[in-house]
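> What shape does this take:
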Amino acid sequence: MPELPEVEVTRRSFADRIAGARIVDATLGKPLRWPLGCSLESLVGRRVTCVDRRGKYLLLRLDQGLLLVHLGMSGSLSFALNLPPSGPHDHFDLQTDRGHLRLHDPRRFGAVVWAPDDDAPVLRKLLGHLGVEPLSEVFSLADFSAGLKSSRAPIKQVLLSGKLVVGVGNIYASEALFLAGIRPTTQARRIGPLRAKRLHAAIRSVLAEAVAAGGSTLRDFQSADGSAGHFQLSAHVYGRAGAPCHTCAAPIKMVRQGQRSSFYCPVCQRP
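Next up is the predicted model:
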């Protein structure tokens, strides 16, 4: 599933090229997770002013309204002057005078939703519960530490929920917890000030490194210009069950938390 770094990499790969473009046509394929919320004809003639991101959502801001795009479990965007004819897994096409934007989503868990403005009920429903952006200055250590102290849940689950800090998905939560020396099963409220400080810094460091590496391509992720990610090649624990820890050589362990696999070093990461 594309996580925050993959979504941010996708945004950067086409945001400048589509900014200022006029929409000349829009088409929908098979139904996605949520209805579009407007007629396709109403998009024609609108201009794309910029592309923002909130958590794992992309926001294509238009001169009237905006389109919220979620990549779901397996989605990706392509943007080029010309794209081949759409296939069975291509579910949204936006033709502009600067290029063709397409959502490819084999599992159809993604979405494209129109909203008239940022205060629209549909945007409040989808974005209103999200935590702070981890790569922004709003992500303060004081608020993060207070949030940890108020939760009895395992720290990995707290990070994945997106309520305290948004966008720290499964791969990057495992990596940040390794850098902070915290096991994923540790109860959040048991994390003291020093380890909370380490984890706060590790989240920012891991996500920034992942964005710089183009994200992680585990199956078929690619950015809107067709580039693959390389962060997975430098992972310390994620996907390395049974392999030696790069730091202490102990075998990396894997546990199931909910429906997700958590990877950790039993020596370097304390309960």
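
> can you give me the helices for this structure?
4-18, 121-127, 141-149, 155-161, 170-180, 193-212 (DSSP state H).

> nearest to S74, of those helices?
Across the helices of the chain, the minimum distance to S74, taken as CB to CB, is reached by helix 4-18, at 11.5 Å. C-betas here are computed from N, CA, C, even on glycine.

> Pick the most deeply packed of the helices of the chain.
Neighbour counts (mean count of other CB atoms under 10 Å) averaged over each of the helices of the chain peak at helix 170-180, with a mean of 25.

> helices or strands next to that one in the packing?
Counting contacts by 3 or more CB pairs under 8 Å, 6 or more residues apart in numbering; DSSP states H and E, the secondary-structure elements packed against helix 170-180 are helix 155-161, helix 193-212, strand 260-264.

> quick one: it to helix 4-18, angle?
Per axes from the mean of the first three to the mean of the last three CA atoms, to 10 degrees, the angle that helix 170-180 makes with helix 4-18 is 120 degrees.

> and the angle from helix 170-180 to strand 260-264?
Direction vectors for helix 170-180 and strand 260-264, defined by the same axes, to 10 degrees, enclose an angle of 20 degrees.

> For L101, grab the count of nearby residues.
By other CB atoms under 10 Å, 27 other residues sit near L101.

> ok, H91 - how many residues close by?
Residue crowding around H91 was assessed by other CB under 10 Å; the count is 23.

> rewinding a little: tabulate the helices of the chain (JSON lines), appending distance to K30 and mean pLDDT.
What follows is the helices of the chain, written out as JSON lines (distance: least, CB to CB, whole Å; pLDDT from 0 to 100):
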{"stretch": "helix 4-18", "distance to K30": "21", "mean pLDDT": "94"}
{"stretch": "helix 121-127", "distance to K30": "21", "mean pLDDT": "95"}
{"stretch": "helix 141-149", "distance to K30": "39", "mean pLDDT": "97"}
{"stretch": "helix 155-161", "distance to K30": "29", "mean pLDDT": "96"}
{"stretch": "helix 170-180", "distance to K30": "27", "mean pLDDT": "96"}
{"stretch": "helix 193-212", "distance to K30": "31", "mean pLDDT": "96"}
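
> closest to L43 out of the ones you listed?
Between L43 and the helices of the chain, the tightest spacing by CB to CB is seen for helix 4-18, at 13.6 Å.

> Low-confidence stretches in the stretch 1-150 of the chain?
Filtered on pLDDT under 70, the stretch 1-150 of the chain yields the residue ranges 1.

> same thing but at 90, please
Along the stretch 1-150 of the chain, segments meeting pLDDT under 90 span 1-3, 30-33, 72-75, 106-109.

> one step back: nearest approach to G20 belongs to which of the helices and strands packed on helix 170-180?
The stretch from the helices and strands packed on helix 170-180 with the least distance to G20 (CB to CB) is helix 193-212; that distance is 24.3 Å.
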